[in-house]
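> give me a model of this one.
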Amino acid sequence: MITVTTTPTITGTAITTTTEAAPDHATDRALHTLLSWCSPSYPVGGFSYSHGLEAAVEAGAVRDRDGTVRFVAAALLRGAGAVDGPLLAASWRAAVAGDDDGLDALAALGAAWRGTAETALEAMQQGEAFAAVTAAAWPEARDAAFAARHPRRLAHAVAFGAAAGHRALPLRPACFAFLSGFAANLISAAVRAVPLGQTDGQRATAALGASVSAATDAALCTPLDQIGGCAPVLDLHSMTHETQYTRLFRS
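As a prediction, this is how the structure comes out:
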């Protein structure tokens, strides 16, 4: 049963009553978990990857805040975001349904669906780290069994979606949080590589809100047989980064 608290307030000669809903602690716990998993302090190593942005900066393709916003929006809507968002949603649904065979198929699909060696490294190593730290801090037997079946072969989005599903965290917030974290990590890389100032980094983050929302919308309605991205320039930057002479980032 939901209870409410009413507080009378005297304004001049009138008395008004405000109504406040009782705290929703289940929502608080879910939000706390998602914010923790997507925090820069969550030890998945995201700070060490730029998703090819460093090569784009080296080539002069990204020089300022506007260029950064365009790069990240493309990654969200036509690149990795267009693949990882639907994979996360499908993994969540399989976990909620208790469909281990479906999760195993998604693990294989997530491992295969990488355009370059460095984006594969980025997805797999962050997925492995996510599975390990989440098992230690938020233990869940079904997660442990899933990770044991796919050692070092879990894409970050698949591991995240399965973990959220196993804990019955709401799907849309989970997907939005993951994609928002992906965008925020690239902005952090741009702050260091372009370089952008901290304030311009926050302006870029604010400008990407609509793109994160649109990528989430697409993730929730894209069936598995229609997943795909089309961002060849981003892939070219990623491949160029493999042989870049000086590098701050691993991708």
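
> and for stretch 139-146, what are the contacting residues?
95, 100, 103, 107, 131, 134-135, 154, 159, 162-163, 166-167 (CB atoms under 8 Å, 6 or more residues apart in numbering). (C-beta placed from N, C-alpha, C; glycine too.)

> please narrow those residues to those residing in helices.
Using DSSP state H, A95, D100, L103, A107, A131, T134, A135, A159, A162, A163, H166 are the members of those that sit in helices.

> what number of residues lie near the fourth one?
This means A107. When neighbours are counted by other CB atoms under 10 Å, A107 registers 24.

> quick check: pLDDT value at the nearest residue to it once chain neighbours are set aside.
The shortest distance from A107 to any non-neighbouring residue, by CB to CB, 6 or more residues apart in numbering, is to H150 (4.6 Å). H150 carries a pLDDT value of 95.

> element containing the residue most central in space within the chain?
Taking CA atoms, centre = their mean, the centroid of the chain lies closest to F178, which sits 2.2 Å from it. Using DSSP states H and E, F178 maps to helix 171-193.

> quick one, phi psi at T222?
Main-chain torsions, T222, degrees, to the nearest 10: phi -90, psi 120.

> ok, it touching L87?
No - between T222 and L87 there is no contact under CB atoms under 8 Å: 9.6 Å.

> more neighbours, these two?
L87 (26 against 18).

> which residue packs closest to that one, ignoring adjacent ones?
A157 (4.8 Å).

> A89 too?
A219 (5.0 Å).

> phi and psi next, for that neighbour.
phi -60, psi -40.

> next one: it from S213, what distance?
11 Å (CB to CB, to the nearest Å).

> the two: which has the busier surroundings?
Comparing A219 with S213 by other CB under 10 Å, the one with more neighbours is A219, at 27 against 15.

> need the contact list for that one.
G81, G85, P86, L88, A89, C175, L179.

> so who does the third one touch?
In this case it means P86. A218, A219, T222, P223, L224, I227.

> mind redoing it with 6 Å?
Contact analysis of P86 by CB atoms under 6 Å, 6 or more residues apart in numbering lists A219, T222, I227.

> nearest spatial neighbour of it, skipping sequence neighbours?
T222 (4.2 Å).

> again, but for the first one
Sequence neighbours aside, A215 is the residue nearest to G81 in space, at 4.5 Å (criterion: CB to CB, 6+ apart).

> tell me, how many neighbours does that neighbour end up with?
30.
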